[in-house]
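*Asks:* Here is my input; please provide its structure:
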Amino acid sequence: HPAGREGAFDFTDASELRVTVAGQVFAHLLFQFVLSFSKWRWVGLAYTETFEALVRGLQDALWDLGGVPHVWRSDNLSAATHQILGGGRELNRRFAAVLGHYGVQSTRIEPGRSHENGGVEKAHHILKSALDQALVIRGSRDFPSVPKYMEFVGEIRDRLNAPRAVALAEERRHLMPLPATRLPAYTTYTATVRQWSTIHFAHRVYSVPSRLIGCEVQVRQHADIIEVFYGDSKKPTATMPRIRGDQYHHIDYRHVIWSLV
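*Replies:* Residues are numbered from 1 along each chain as shown. A predicted model of the protein is given here:
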């Protein structure tokens with residue numbers, strides 16, 4: 001691989017690490033961005049393979065790296081591609097816009113052929129093996145908080161990156177410069193608060209403060225949280241965790257109690 005040409009990315013299920021946070025099982029994914037020449041890696045936390053998690057992970061990796069490889073390699077993850085008639089997958093418009101913002105090209109594997117993205121697949125194996133060994137030495141898989149766990153992951157990532165310093169310095173000389181600004185790592189929706197003090201968007205239902213019933217609000221869907229804005233306010237009127245998995249609704253009794261009274 002020529003220096004500076006390619007970076008590969010993917011999500012991996014980290015449940016096999018059996019990590020707990022404050023005694024509770026911590027179901028999560030790890031997002032990795034790996035430079036094909038130097039094997040330098042960036043690792044971030046994700047809960048599901050969403051467009052927002054993908055954009056956040058990519059941009060955090062690029063800003064930490066300080067430059068942009070010319071080609072991004074991936075599998076056909078649903079956050080970046082969609083099914084087309086006649087079979088196969090192609091880039092969706094939102095991710096194509098991300099590529100355009102950074103001035104890069106995309107290459108993807110054939111569906112069902114994960115070995116074609118072998119660089120990042122091998123990086124997943126090395127990372128999780130190193131984390132598992134470090135957890136054994138640590139003597140506990142429980143962490144007091146998610147930030148403390150990610151601090152631990154960062155230490156292992158830095159340890160894996162240390163032998164790549166010379167190759168990384170060579171790679172950085174061939175990277176494209178970062179654009180002037182990052183793209184928003186959230187999706188915006190407009191919704192009207194219904195009589196039950198709920199909003200409906202992206203096939204999910206969330207409750208909001210009952211004083212907003214009948215009002216139109218702006219919703220920002222991030223990788224892990226939902227923010228609700230009303231009027232010209234710069235601060236969110238409500239913030240709640242983003243629904244994961246097959247759950248359909250998130251109802252906070254504090255939002256609806258006064259309407260029930």
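*Asks:* Where does the residue nearest to the spatial centre of the chain sit: helix, strand or coil?
*Replies:* Centroid-nearest residue in the chain, with CA atoms, centre = their mean: Ala53, separated by 2.1 Å. Secondary structure assignment for Ala53 (DSSP: H, G, I helix; E, B strand; the rest coil): helix.
*Asks:* Next, the contact list for it, please.
*Replies:* 11, 29, 31, 46-47, 79, 223-224 (CB atoms under 8 Å, 6 or more residues apart in numbering). Quick note: C-beta positions are derived from backbone N, CA and C, even for glycine.
*Asks:* pLDDT check: weakest of these?
*Replies:* Checking pLDDT across the contacts of Ala53, the minimum falls on Ala79 at 74.
*Asks:* Would you confirm that that one belongs to a strand?
*Replies:* No: using three-state DSSP, the secondary structure at Ala79 is coil, not a strand.
*Asks:* count of residues packed around it?
*Replies:* Here the number of neighbours of Ala79 (other CB atoms under 10 Å) works out to 19.
*Asks:* where does it fall, phi/psi-wise?
*Replies:* phi -70, psi -20 (degrees, to the nearest 10).
*Asks:* What separation do you get for the residue nearest to the centre of the chain and His124?
*Replies:* To His124, Ala53 is 16 Å away according to CB to CB, to the nearest Å.
*Asks:* Next: Ala202.
*Replies:* Between Ala202 and His124 the computed distance is 28 Å (CB to CB).
*Asks:* Which one of these two is surrounded by more residues?
*Replies:* It is His124, of Ala202 and His124, that has more neighbours when counted by other CB under 10 Å, with 19 against 15.
*Asks:* Gly7 pairs with what?
*Replies:* Here Gly7 sits in beta bridges with Leu35, Trp72, going by DSSP bridges.
*Asks:* All the helices of the stretch 1-150 of the chain, residue numbers only.
*Replies:* In the stretch 1-150 of the chain, the helices defined using DSSP state H, counting those that start in this stretch lie at 51-65, 93-102, 118-138, 146-161.
*Asks:* The second one relative to helix 51-65, how many degrees between them?
*Replies:* In this case it means helix 93-102. 20 degrees (axes from the mean of the first three to the mean of the last three CA atoms, to 10 degrees).
*Asks:* which residues are in contact with helix 93-102?
*Replies:* Contacts for helix 93-102 (CB under 8 Å, 6+ apart): 51, 54-55, 58, 62, 68, 72, 79-81, 91, 105-106, 176, 179, 183.
*Asks:* again, only this time at 6 Å
*Replies:* Defining contact as CB atoms under 6 Å, 6 or more residues apart in numbering, one finds that helix 93-102 is touched by 51, 68, 80, 106, 183.
*Asks:* so Leu168 touches Phe37, yeah?
*Replies:* No: applying CB atoms under 6 Å, one finds Leu168 not in contact with Phe37, separated by 8.9 Å.
*Asks:* So the two - more neighbours on which side?
*Replies:* Remark: of Leu168 and Phe37, Phe37 carries more neighbours, 20 against 17, as counted by other CB under 10 Å.
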